[in-house]
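Engineer: Provide a 3D model corresponding to the input given below.
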Amino acid sequence: MVATFIRLSLIAIISTSGMSLAYASKNQQAIDSFEKNTQGIVARANSLSHQQLNIMDDINQIMDESQSAIAVLHSDNIAKLQASSAQIITVAREYLTQYQGFLAELDKSFTCYQAEALTEFNQMIDEQALANKQISEAALAAKQDADETQATMLVLNLQMNQAKTAILVGMFQMTKMCYLTEALGINKQQAKQQAKRLQEMN
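Structural biologist: Purely as a prediction, here's the structure:
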């Protein structure tokens with residue numbers, strides 16, 4: 001129902017703003033196609049993100065019961081966490097490909113056309129992929145000879161990295177917020193200003 005309301009509102013606002021029906025139809029078709037093509041991708045990303053939360057719960061439980069970060073390093077949860085992080089990166093790249101195609105179909109004056117977001121999203125994925133690699137290597141090395149302090153620092157880094165991975169998944173929905181802002185009558189400049197404020201808050 002919400003999606004239908006947004007879609008109808010979007011078409012109405014575009015039409016009453018003096019834009020042609022062809023313009024509205026082109027952008028709406030792009031939105032419909034993007035939603036269809038990314039539905040499965042978003043579902044997989046959300047599933048992996050939920051999986052990571054469960055793994056983090058297991059890690060916290062081990063910490064509580066053993067009072068030892070070294071015990072965490074010797075559990076299979078680290079490997080599980082890093083494997084799911086790698087899968088999220090793969091899914092994110094799939095989403096990015098669809099997002100690139102989506103932007104190519106839009107009129108450049110449309111609120112959702114934000115080419116700079118494509119560059120930022122790609123950079124975010126690359127940075128997260130590198131962070132995952134570095135933490136995996138550190139975890140492997142620490143498993144051999146880390147003391148409790150070193151193990152604790154690594155577990156903290158794992159927790160922070162998982163949070164950043166969750167933010168990456170959240171970016172999937174952020175790229176779709178333009179549908180809503182356009183439907184509410186927020187113009188492109190206002191949408192960019194809101195996005196900038198959100199980035200500054202993070």
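Engineer: where does residue 107 land in three-state SS?
Structural biologist: Recorded secondary structure, residue 107: coil (DSSP: H, G, I helix; E, B strand; the rest coil).
Engineer: run through this structure and note the low-pLDDT ranges.
Structural biologist: 1-24, 179-202 (pLDDT under 70).
Engineer: biggest helix in it, by residue count?
Structural biologist: helix 21-66 (DSSP state H).
Engineer: give me the contacts around the helix or strand just after that one.
Structural biologist: Next along the chain after helix 21-66, taking DSSP states H and E as the criterion, comes helix 69-73. Under the contact criterion CB atoms under 8 Å, 6 or more residues apart in numbering, helix 69-73 has outside partners 59, 62-63, 66, 78, 139, 142-143, 146-148, 151-152, 154-155. Where you see a C-beta, it was placed from the backbone N, CA and C, and this is true even at glycine.
Engineer: need the residue closest to the centroid of the protein.
Structural biologist: residue 169 (2.3 Å; CA atoms, centre = their mean).
Engineer: isn't it up against residue 49?
Structural biologist: Yes - between residue 169 and residue 49 there is a contact under CB atoms under 8 Å: 4.6 Å.
Engineer: list residues touching both of these two?
Structural biologist: With CB under 8 Å, 6+ apart, residue 169 and residue 49 have common neighbours residue 88.
Engineer: returning to what we had before: now, which of the contacts of helix 69-73 lie within helices?
Structural biologist: Reading helices off the contacts of helix 69-73 with DSSP H, I get 59, 62-63, 66, 78, 139, 142-143, 148, 151-152, 154-155.
Engineer: now for those residues: which two are most distant?
Structural biologist: 66 and 139 (17.1 Å; CB to CB).
Engineer: the two - which one has more neighbours?
Structural biologist: residue 139 (21 against 13; other CB atoms under 10 Å).
Engineer: how about the residue nearest to the more buried one when sequence neighbours are not counted, what does it touch?
Structural biologist: Of all residues not flanking residue 139 in the chain, residue 78 sits nearest, at 5.1 Å (CB to CB, 6 or more residues apart in numbering). Counting by CB under 8 Å, 6+ apart, residue 78 touches 72, 139, 143, 158.
Engineer: repeat that for residue 52.
Structural biologist: 81, 84-85, 88, 162, 165-166.
Engineer: could these go into JSON lines alongside secondary structure, distance to residue 175 and neighbour count?
Structural biologist: Output for the contacts of residue 52, formatted as JSON lines (DSSP: H, G, I helix; E, B strand; the rest coil; distance: CB to CB, whole Å; neighbours: other CB atoms under 10 Å):
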{"residue": "81", "secondary structure": "helix", "distance to residue 175": "25", "neighbour count": "25"}
{"residue": "84", "secondary structure": "helix", "distance to residue 175": "22", "neighbour count": "20"}
{"residue": "85", "secondary structure": "helix", "distance to residue 175": "20", "neighbour count": "25"}
{"residue": "88", "secondary structure": "helix", "distance to residue 175": "16", "neighbour count": "26"}
{"residue": "162", "secondary structure": "helix", "distance to residue 175": "21", "neighbour count": "22"}
{"residue": "165", "secondary structure": "helix", "distance to residue 175": "17", "neighbour count": "23"}
{"residue": "166", "secondary structure": "helix", "distance to residue 175": "16", "neighbour count": "15"}
